[in-house]
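# got a predicted structure plus its sequence, pasted below:
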Amino acid sequence: MPSAFARIKPVQYEGPKSKNPLSFKWYNPDEVVEGKTMKDHLRFSVVYWHTMRGAGADMFGWGTAKRPWELGEGTVKQAQDRVRHFFELVEKLGAPYYAFHDRDVAPHGKTLAQSNKNLDAVVKVLKEEQKRTGIKLLWGTAQLFVHPRYMHGAATSCEADVFAYAAAQVKKALEVTKTLGGEGYTFWGGREGYSTLWNTDMKRELDHLARFLHMAVDYAKQIGFKGQFYIEPKPKEPTKHQYDADAAACLNFLREYGLTKHLKLNLETNHATLAGHSMQHEMEVAGAAGALGSIDANTGDLMLGWDTDQFPTDIYLTTQCMLTMLKYGGFTTGGVNFDAKVRRESFEPIDLLHAHIGGMDAFARGLKIAAAIRQDGRLADFVKNRYRSWDDGIGRDIEKGKVGFKELEKYILKAGEPKLESGRQEFLENLINEFI
Ligand code: XUL
Ligand code: CO
C-alpha cells in the first residue's frame, strides 16, 4: 500500500529566506538554544485523532477531508494500515512524539473484550512503527466521550456501571500506554461535568472523579507504569460546565482529594481562552504550583466562543508560552503536542504538512525570541526591581512571618503614605516588540 505521503520528502530546515513551503524556516532541530537543542526543548508531538480521524464534519455538513486511509469498512486491518500512513507523516515532519486515544487508533467492538482485542491488534503495529522510526509516545489516553454510554459522563456518571466500564477502559489504556513506553497518560474530562444542576449531585460526582483517579494511580503502581499523569483543564464543551474548568480549579480539586503528587497539568491554549484566560496565565498558575507538565498547542479564534483548535501561528503566543516554559525549567516528561486540526476547507493531506510546519516554526521562533529576551535581561530585571521592597526591611520581615498587624500599624504610622512607581506596561510592551 503506497502511503498518502510517499511523494513528500522529509521536511528540512532551510532557514528564514527559503521560499519552499515544505521546509522549516525556524525549526532547526539540532540548533542549540540555552544549552539544549531545539528538538529537546520543544519535544513536538502529533496527535492521532485530529490528524488521522478528523474529517472536517461540522453541525451543518459532512466531512470534506480527502483521506485515502479512511476508504474502507472500518476494519482492524484498515486501522493497522492507517497507523503506517500516520508514522510516515510524523517521520517526514521530524516530530519525535505522538499522542493517541484508544478508540481513535482501533475500532470500537461490540463488547469491551472485542474492543480490547481490536486495540491489541493495532498496538502491535504502533509498536512496530515506533521501533522502525524511533518516534515515541508522549502520552496515551482513553476516549470516554464518543460512545452514547458516556452521555452522563464517565467517572462522573450517575450510573455506577458506567463508572465501572470507564475504569475497565482506562485499565486497558494504561496497559497499552505502558507497552508502548508512553512517557505520560492524560485525563481530559470529556463529559465530566453537567448540562443542568437540576439533575446533578455535584459533590457525589466530584468524589467519584477523585476515586477514579486514585484507582488509576493505584493501578499504574501495580503494573509498574512510571509515566507522568496529566489532567487537562477545559471549562465547557461538550458539557455546559466541565469540572476541570481551568488550571486553578484542577489544582484545587487535586489538592482537596490528595492527588497533587500524582498529576500535573496538560494545558491547552484554546481551553484557556474558553475559560477567559490567556495560555500564559494558565501556564503561570500551573508553574507556580509545580504542576506545569505538558501543553496541547493550538489556538482559538477570539471572535468565536467555541473550541476551534487551530494550529498556532501567533508569534506573541508562542513567545509567551516559551518564556514561561523556560522560566519553570522547560519540559521534562511533557512536550508541545499539536492538539489542532486543519480547517474544513483545507481538505487535502498536504494541508496537514503545512499546518504542522507552521506550528513547529512558530514555536521554534517563540523559543528563540524567549531566549533572546532572557539573555537581554531587561524584562527580568524590571520585574525583580519592581519587587525590591520585599528584599529587605519591612518587606522581608513580612515574608519571613516576623511581623503581624500590630507591628505593621506601628511601622506605617511612622513611615507615612507609601511611595509608588509606574507599572510601565506600555514601556514593557514596546520592549517585547524589539524582539519580535
Ligand atoms: C478536547 C481535547 C482532547 C484531549 C485528549 O478538547 O483537547 O483531545 O486533549 O482527550
Ligand atoms: Co487537548
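Yep, that arrived. Computed from a prediction, not measured in an experiment: that's the story for all the values here. Ligands and ions are numbered 1, 2, ... in the order given.
# what residues of whichever strand or helix holds Ala164 count as buried?
Per DSSP states H and E: Ala164 is located in helix 160-179. Using 16 or more other Cβ atoms under 10 Å as the test for burial, helix 160-179 gives 162-163, 165-167, 169-179. All C-beta spots, glycine's among them, are computed from the backbone N, C-alpha and C.
# restricting to C-alpha, output stretch 344-357 in CSV.
Extracted as CSV, the C-alpha positions of stretch 344-357 are listed here (Å, rounded to 0.1, in the frame of the first residue of the first chain):
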residue,chain,number,x,y,z
ARG,A,344,-12.7,22.1,6.8
GLU,A,345,-11.7,23.9,3.6
SER,A,346,-8.1,22.6,3.8
PHE,A,347,-9.1,19.2,2.7
GLU,A,348,-6.0,17.7,1.2
PRO,A,349,-3.4,15.6,3.0
ILE,A,350,-0.7,18.2,2.1
ASP,A,351,-2.6,20.7,4.3
LEU,A,352,-1.6,18.5,7.3
LEU,A,353,2.1,19.3,6.4
HIS,A,354,1.6,23.0,6.0
ALA,A,355,-0.3,23.1,9.4
HIS,A,356,2.4,21.2,11.4
ILE,A,357,5.3,23.0,9.7
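# so for it, what gets flagged as buried?
344, 346, 349-350, 352-353, 355-357.
# could you redo the residues you listed as CSV and give each row distance to ligand 2 and pLDDT?
Formatted as CSV, these follow (distance: Cβ to the ion, whole Å; pLDDT from 0 to 100):
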residue, distance to ligand 2, pLDDT
Arg344, 19, 97
Ser346, 20, 98
Pro349, 22, 97
Ile350, 24, 98
Leu352, 17, 98
Leu353, 21, 98
Ala355, 16, 98
His356, 16, 99
Ile357, 20, 99
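# just the ones of those residues in helices?
Counting by DSSP state H, those place 349-350, 352-353, 355-357 in helices.
# quick one: which of these is nearest Asp314?
Nearest to Asp314 among these: Ala355, at 14.2 Å, using Cβ to Cβ.
# isn't that closest one up against Asp361?
No: here Ala355 does not reach Asp361: they are 11.1 Å apart, not a contact under Cβ atoms under 8 Å.
# contact partners for Thr299?
Contact analysis of Thr299 by Cβ atoms under 8 Å, 6 or more residues apart in numbering lists 269-270, 308, 310-314, 317, 340.
# partner residues bridging it?
Gln310 (DSSP bridges).
# pLDDT score for it?
Thr299 is assigned 98 on the pLDDT scale.
# same thing with Leu302?
Value listed for Leu302 in the pLDDT field: 88.
# my guess is it is in a strand, correct?
No: Leu302 is assigned coil when assessed by DSSP: H, G, I helix; E, B strand; the rest coil, not a strand.
# contacts only, for it.
Taking Cβ under 8 Å, 6+ apart, one finds Thr273 in contact with Leu302.
# ok, now which ones touch Glu421?
Contacts of Glu421 by Cβ under 8 Å, 6+ apart are Arg386.
# pick out whichever of the buried residues of helix 160-179 sits closest to Leu251.
Val170 (21.7 Å).
# surely the closest one touches Phe163?
No: counting by Cβ under 8 Å, Phe163 is not a contact partner of Val170; they are 10.6 Å apart.
# hey, what's in contact with both of the two?
Residues touching both Val170 and Phe163 (Cβ under 8 Å, 6+ apart) are Phe212.
# residue ranges for the strands of the chain, please.
12-13, 23-24, 32-33, 36-37, 44-47, 97-101, 136-141, 184-188, 193-194, 228-232, 241-242, 263-268, 292-296, 336-338 (DSSP state E).
# could I get those as TSV with mean pLDDT, mean neighbour count and distance to ligand 1?
Shown next, in TSV, are the strands of the chain (pLDDT from 0 to 100; neighbours: other Cβ atoms under 10 Å; distance: least, Cβ to the nearest ligand atom, whole Å):
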stretch	mean pLDDT	mean neighbour count	distance to ligand 1
strand 12-13	98	16	28
strand 23-24	98	20	25
strand 32-33	98	16	27
strand 36-37	98	13	26
strand 44-47	99	27	7
strand 97-101	99	26	6
strand 136-141	99	25	5
strand 184-188	99	25	4
strand 193-194	98	22	12
strand 228-232	98	23	5
strand 241-242	98	20	10
strand 263-268	98	28	5
strand 292-296	98	28	5
strand 336-338	99	28	8
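# for Glu409, which of the ones you listed is the nearest?
Distance to Glu409, taken as Cβ to Cβ, is lowest for strand 292-296 among the strands of the chain, at 38.9 Å.
# name the helices or strands packed onto the closest one?
In terms of contacts (3 or more Cβ pairs under 8 Å, 6 or more residues apart in numbering; DSSP states H and E), strand 292-296 is packed against strand 184-188, strand 228-232, strand 263-268, helix 269-274, helix 279-288, helix 315-327, strand 336-338.
# buried sites along the fifth one?
Yep, that's helix 279-288 we're talking about. Quick answer for helix 279-288 (16+ other Cβ under 10 Å): 279-287.
# hang on, Pro349 packs against Phe5?
Yes: using Cβ under 8 Å, Pro349 is in contact with Phe5, at 6.8 Å.
# pull up the gap between the residue most central in space within the chain and ligand 2, please.
Nearest to the geometric centre of the chain sits Asp296, at 2.4 Å (Cα atoms, centre = their mean). Distance, Asp296 to ligand 2, by Cβ to the ion, to the nearest Å: 4 Å.
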